[in-house]
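Asks: Test case, fold it:
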Amino acid sequence: MDLKGAGLKCVCGNRNFLLFLVSQGISNVGDAFQLVAVVMLLHELTGSGLAAGFALICAPLPGIVISLFAGAIGDKFQGKYILVAVDLLRALNVILFVLSINICLIYVLLLTLSSLNSLYNPSAKKLVAGALRSDEIVAGNSLLTGVSGLAYLFSPVASGFIIGIIGINSAFVLNCISFVMSALFIALINEPAVSIHRRVSVKIKLSAIYTDVKEGFCYCAGKAVLRDIILTNMMVAFSAALVNIAFYPYSLDTLKVTATGWGLILSVYNGASLAAVYIATYFIKKTGSSLMLYVYPSIFAISIIWYTYGMVDNLAIVLLLLLAEGITASVCGILLTSGIQILTGRDYMSRMAGISDIAANTGRLGGIGTAYILVNYFSYGYAFAVASIPLFLFSAFKFLKMLRVPRGSIRSNRM
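Replies: Residues are numbered from 1 along each chain as shown. This is a model prediction of the structure:
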């Protein structure tokens with residue numbers, strides 16, 4: 001499979017994918033500005049890096065419930081209409097941050113934004129899978145990751161400077177504009193109409209949604225590789241929640257980073273995904289189950305990096321670790337997302353993405369609870385250790401197990 005050629009065709013010859021790619025790039029710029037602004041705003045109001053971390057990490061928890069229905073809804077309707085509607089609702093949500101005057105309102109807005117994101121993700125993955133051939137999906141996801149990395153390479157640092165000069169509200173206004181522009185580009189996509197047998201049941205009933213959700217879980221249960229990918233997502237989300245919560249007090253309270261410093265951290269970590277695009281696009285030549293042979297070593301490396309955080313307190317060293325983590329985590333994310341899209345039938349695409357989100361959010365919930373105990377009663381150093389050791393053992397076990405099983409090429413199940 002010539003991933004280089006596939007990647008060029010995704011951009012130069014696929015109008016729908018190009019429009020979606022541009023929409024995500026614009027949206028990511030706004031998200032990067034807002035992320036810096038929200039962290040600084042929460043830290044300013046609470047005086048605690050830990051409080052800021054918990055607020056941002058706990059925000060996705062409503063997705064555990066919402067993802068259950070988001071996948072079923074995404075498989076009933078054309079994805080672009082769902083994405084446009086959610087983008088406009090997100091624009092309304094983020095502009096309300098400008099009017100926020102207390103911490104409770106900010107928490108409500110964060111939870112609402114997270115819920116909208118949970119509705120967005122399954123339909124977005126379905127749209128990408130529908131726009132690309134099976135042999136283009138890794139390249140397509142690599143390009144999406146690269147655009148995100150490019151946006152986060154410069155935007156967080158720029159946000160830190162702009163917030164310092166104009167104020168925090170400027171970041172929220174910019175993100176609102178980015179969501180509106182994203183909706184406009186997605187509206188231009190020519191997505192194939194929903195098939196007749198799906199449109200018949202377009203009047204949504206709870207019983208119909210329950211049936212669709214049940215079918216999705218049955219479909220997943222019958223595919224071992226999908227189960228492995230979803231389990232891996234849950235394990236990574238558990239450990240990532242631990243690390244992310246610990247990293248806020250670690251960076252804000254111990255390293256004493258400012259808005260500019262926080263922007264630099266985000267730029268280094270997310271900008272590293274540009275290198276991941278090169279790795280995923282030019283060196284990974286397999287599809288289906290063999291993608292996991294690259295995922296588990298990546299997770300193994302990430303676990304070592306996370307353990308190392310607990311032993312250093314120098315910002316320069318931390319930035320180098322973030323660079324390595326960002327590259328490895330991006331490669332891992334590209335492959336896990338691609339694996340689901342390659343192996344899933346078109347009629348189940350949104351539901352599999354939703355089930356994956358449910359698993360990830362469940363793992364995140366466990367990580368949050370564990371992090372709360374460790375950070376409050378011990379120290380963030382324990383959180384880094386507890387996050388890394390289970391992931392270290394899990395990835396080593398799964399990788400060695402795969403090496404013992406003869407590799408076979410798994411064909412795409414998309415129809």
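Asks: who does the helix or strand that contains residue 249 touch, helix- and strand-wise?
Replies: Counting by DSSP states H and E, the element that carries residue 249 is helix 224-249. Identification of packing neighbours for helix 224-249 by 3 or more C-beta pairs under 8 Å, 6 or more residues apart in numbering; DSSP states H and E yields helix 49-58, helix 206-221, helix 292-309, helix 315-343, helix 349-377, helix 380-404. Every C-beta, even on glycine, is put in place using the N, C-alpha and C of the backbone.
Asks: centre of the chain versus stretch 243-262, how much separation?
Replies: For stretch 243-262, the distance from its own C-alpha centre to the chain's C-alpha centre is 21 Å (C-alpha atoms, centre = their mean, to the nearest Å).
Asks: what are the C-alpha coordinates of that stretch, in CSV please?
Replies: Provided in CSV are the C-alpha atoms of stretch 243-262 (Å, rounded to 0.1, in the frame of the first residue of the first chain):
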residue,chain,number,x,y,z
VAL,A,243,-1.2,11.6,34.2
ASN,A,244,-3.3,14.6,33.0
ILE,A,245,-4.7,15.4,36.4
ALA,A,246,-1.2,15.1,38.0
PHE,A,247,0.3,17.2,35.3
TYR,A,248,-1.7,20.3,36.1
PRO,A,249,-0.4,20.8,39.7
TYR,A,250,3.0,19.5,38.5
SER,A,251,3.3,22.2,35.9
LEU,A,252,1.3,25.1,37.4
ASP,A,253,2.3,24.7,41.1
THR,A,254,5.7,23.0,40.9
LEU,A,255,7.2,24.2,37.7
LYS,A,256,5.3,27.6,38.1
VAL,A,257,4.6,28.0,34.4
THR,A,258,2.8,31.1,33.2
ALA,A,259,0.2,31.5,30.5
THR,A,260,3.0,31.7,28.0
GLY,A,261,4.8,28.7,29.5
TRP,A,262,1.6,26.7,29.4
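Asks: Give the buried residues for that stretch.
Replies: Within stretch 243-262, the residues that qualify as buried are 243-253, 255, 257, 259-262, counting by 16 or more other C-beta atoms under 10 Å.
Asks: Then stretch 143-159?
Replies: 143-153, 155-159.
Asks: Residue 302: which of these is nearest?
Replies: The shortest gap between residue 302 and any of those belongs to residue 145, at 15.6 Å (C-beta to C-beta).
Asks: Wait, that closest one touches residue 276, no?
Replies: Yes - with contacts counted by C-beta atoms under 8 Å, residue 145 reaches residue 276, the gap being 6.1 Å.
Asks: pretty sure residue 160 is touching residue 263, no?
Replies: Yes - the criterion here is C-beta under 8 Å, and residue 160 meets it with residue 263 at 3.4 Å.
Asks: The two: which has the busier surroundings?
Replies: Comparing residue 160 with residue 263 by other C-beta atoms under 10 Å, the one with more neighbours is residue 263, at 29 against 25.
Asks: pLDDT at the residue sitting nearest the centre point of the chain, what is it?
Replies: Centroid-nearest residue in the chain: residue 333, 7.8 Å away (criterion: C-alpha atoms, centre = their mean). We have a pLDDT of 88 for residue 333.
Asks: was I right about it contacting residue 144?
Replies: No - the pair formed by residue 333 and residue 144 falls short of the contact definition of C-beta under 8 Å, at 10.1 Å.
Asks: And for residue 348, the neighbour number?
Replies: Residue 348 sits with 25 neighbouring residues when counted by other C-beta under 10 Å.
Asks: what's the answer for the one 4 residues further on, then?
Replies: Residue 352: 28 surrounding residues under other C-beta under 10 Å.
Asks: How much space separates residue 242 from residue 367?
Replies: Here residue 242 is placed at a distance of 5 Å from residue 367 (C-beta to C-beta, to the nearest Å).
Asks: Tell me the helices and strands packed up against whichever helix in the chain runs longest.
Replies: With residue count as the measure and DSSP state H as the assignment, the chain has helix 15-46 as its longest helix. With contacts defined as 3+ C-beta pairs under 8 Å, 6+ apart, the packing partners of helix 15-46 are helix 3-12, helix 49-58, helix 79-95, helix 103-131, helix 137-165, helix 169-187, helix 259-271.
Asks: same thing but at 7 Å, please
Replies: With contacts defined as 3 or more C-beta pairs under 7 Å, 6 or more residues apart in numbering; DSSP states H and E, helix 15-46 has these neighbours: helix 49-58, helix 103-131, helix 137-165, helix 169-187, helix 259-271.
Asks: any idea of the mean pLDDT in that helix?
Replies: If you average the pLDDT over helix 15-46, you get 85.
Asks: now do stretch 90-103
Replies: The average of the pLDDT scores along stretch 90-103 is 84.
Asks: So residue 370 is in contact with residue 386, correct?
Replies: Yes - counting by C-beta atoms under 7 Å, residue 370 does reach residue 386; the two are 6.5 Å apart.
Asks: Report the helix or strand with the lowest average pLDDT across the chain.
Replies: helix 196-199 (a mean of 42; mean pLDDT, DSSP states H and E).
Asks: Where does the prediction get shaky in this protein?
Replies: For the chain, applying pLDDT under 70 flags the ranges 1-12, 47-64, 68, 100-101, 192-210, 281-290, 405-415.
Asks: Tell me who's in contact with residue 319.
Replies: residue 268 (C-beta atoms under 7 Å, 6 or more residues apart in numbering).
Asks: For residue 134, what are phi and psi?
Replies: In terms of degrees, to the nearest 10, the main-chain angles of residue 134 are phi -60, psi -40.
Asks: Figure out which of the helices and strands packed on helix 15-46 is closest to residue 42.
Replies: Taking C-beta to C-beta as the criterion, residue 42 comes closest to helix 49-58 out of those, the separation being 3.9 Å.
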